[in-house]
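**Q** one predicted model, sequence on top.
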Amino acid sequence: MFEDKFQKVKEGFTFDDVLLIPFKAFVEPRDVDVSSRLTRNIRLRVPILSSPMDTVTEAEMAIAMARYGGMGVIHRNMSTNEQILLVRQVKREESIIIRDVHTVDPDTPLDVVRSIMKNKHIGGLPVVSGEKLVGIVTKRDIEFADKHKKTVSDIMVSKVISAGDDITIEQATEILFKNRIEKLPLVDKKGRLVGLITAKDIFTREKFPDATRDEEGKLMVSAAVGPFDIDRAINLEKEGVDMIVVDTAHAHNQNVLESVKKMRKNIGVDLVVGNIATRSAAEDLIALDVDGLRVGIGPGSICTTRIIAGIGVPQLTAVSEVAEYADGQGVPVISDGGIRYSGDIVKAFAAGANSVMLGSLFAGTDESPGAEMIINGRKYKSYRGMGSIGAIQKGASDRYGKLGQNKFVAEGVEGAVPYRGKVHEVLFQLVGGLKSGMGYSGAKDIEELRKNSRFIRITTNGLKESHPHDIRVLTEPPNYQNYEL
Ligand code: XMP
């Protein structure tokens, strides 16, 4: 019985164990399509997520990720209310249709209008009487108003160009441009003001053509919840979150499965559950009708799970085993943890992932919440595992090892990663590397990379040969940072 365990022992592969074999290509890297499925219902133009970790994803990171085509998952090491505020912040960042419109009425004195405009940084205000739209007043109307004009009704434009609530962004853009106006109030059939579209928001939108947006044009955002925190999930959904990630170190656990079953009944938005690393975990979760699977037990740069608990599956094998089953069920797989270079992303897709999740590579960017520091004259940002002592003490004790009242068994470390500038610069390099890998593989899209690529196993000498060698590197390109320098 014990001997069998070794006779049938399987081999598991991770990023550095393999390379992808080049294939004849009929496509140039610049022409490949990197878009891919994140969940059953969400597709990303850039299939990269930022991890729900307290040194990685809060509102600023989520906004940047969504603007450049990916998605941020807001961590849960905070109260539900705090997390809701961050989701709200992302959702409001670029809402094309403003719903809680600031208004004035015809009798509002002009100095009051002036101070509203100044304090709220608004250039124009719809004028309503009752709830009906009766005019619009802009900063210029006020600036050029005679001294004897006292109230809004004295200066407002009453022939307002407005539109119905069902207008599309394209139609709204056309109206704004044709009439050279900056604000387009939206009214219902009874003439009541129900929303506002501004030219400024449309310009911002055009600056980010790859952005991940919901039907209303707002940036999409995801948030993590604990496996038993159904109330948090319900409240986040009410706030408009687009995807819930059930965030636990071991999702293949009967109590977690039962809770996910309940959560599924209560949650309408896409539900991603993890982490897992085996086919049988995927079978049990897909049976509960989840929309995506997060794969990775112990590959993370800050993880000590494999060392402390002796558990894990090398990441590429874990991804391929889960994807082998999930693919047939139409459920996408997120490869989470262990990605250090863009080449690892190419390998993760080739192993079967539909998207990848990164912690360390984003922790060093301006948009992460971690603290900046200088070590030996070089800039770093703090980064820590959610199972590290620091994170557990702040509250994240249900993901990893709380064994007693105040006793923890940490499964992560705390440290610092090199500063990397803006998220979009990191994403640019990662997507560039992915496209290059697809070019060598002859894959015109992610599906072809997933289905047609082939790995070759390498030795330690092969790995040594792969990295720069026999040179003292003096200049690091942004996509190859050596931590030991
Ligand atoms: P990278 O390699 O991108 O990995 O930094 C990020 C992923 O690591 C997981 N994570 C942890 N795993 N102990 C663990 O075993 C921890 O303390 C820990 N914190 C985060 C998580 O899946 C994340 O997305």
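**A** Everything's here; your move.
**Q** list the contacts of the closest residue to the ligand within the stretch 201-350 of the chain.
**A** Across the stretch 201-350 of the chain, no residue is closer to the ligand than residue 300, which sits at 2.4 Å (C-beta to the nearest ligand atom). For every residue, glycine as well, the C-beta is placed using N, CA and C. By C-beta atoms under 8 Å, 6 or more residues apart in numbering, the contact set of residue 300 is 336, 337, 338, 359, 360, 385, 412.
**Q** doesn't residue 386 make contact with the last one?
**A** Yes: between residue 412 and residue 386 there is a contact at 6.4 Å, judged by C-beta atoms under 8 Å.
**Q** more crowded one of the two?
**A** residue 386 (30 against 27; other C-beta atoms under 10 Å).
**Q** which residues touch the closest residue to residue 201 other than its chain neighbours?
**A** Distances taken as C-beta to C-beta, 6 or more residues apart in numbering place residue 96 nearest to residue 201, at 5.4 Å, with adjacent residues excluded. Contact analysis of residue 96 by C-beta under 8 Å, 6+ apart lists 169, 172, 197, 201, 202, 205, 216, 217, 218.
**Q** ok but residue 146 is inside a helix, no?
**A** No: per DSSP: H, G, I helix; E, B strand; the rest coil, residue 146 lies outside any helix segment and is coil.
**Q** helix or strand for the residue of the stretch 201-350 of the chain closest to the ligand, which one?
**A** Using DSSP states H and E, residue 300 sits within no helix or strand.
**Q** contacts for the one helix or strand residue 3 maps to?
**A** For residue 3, the host element (DSSP H and E) is helix 2-7. Applying C-beta under 8 Å, 6+ apart, helix 2-7 has no contact partners.
**Q** just how off-centre is the helix or strand following it within its chain?
**A** From helix 2-7 onward toward the C-terminus, using DSSP H and E, the following helix or strand is strand 18-20. Averaging C-alpha positions (C-alpha atoms, centre = their mean, to the nearest Å) puts strand 18-20 28 Å from its chain's average.
**Q** and the helix or strand just after strand 18-20, which strands flank it?
**A** Next helix or strand after strand 18-20 toward the C-terminus (DSSP H and E): strand 36-37. Under the criterion DSSP bridges, strand 36-37 sits next to strand 43-44 (antiparallel) in its sheet.
**Q** quick check: mean pLDDT of the strand it pairs with?
**A** Mean pLDDT, strand 43-44: 98.
**Q** tell me what the helix or strand following that strand is packed against?
**A** For strand 43-44, the following helix or strand on the C-terminal side (DSSP H and E) is strand 48-50. Where contact means 3 or more C-beta pairs under 8 Å, 6 or more residues apart in numbering; DSSP states H and E, strand 48-50 is packed against helix 59-67, strand 71-74, strand 355-358, helix 423-441.
**Q** contacting residues around the host helix or strand of residue 256?
**A** Here residue 256 sits within helix 254-266, counting by DSSP H and E. The contact list for helix 254-266, computed with C-beta under 8 Å, 6+ apart, reads 227-228, 230, 233-234, 244, 246, 248, 250-251, 271, 273, 284-285, 288-290.
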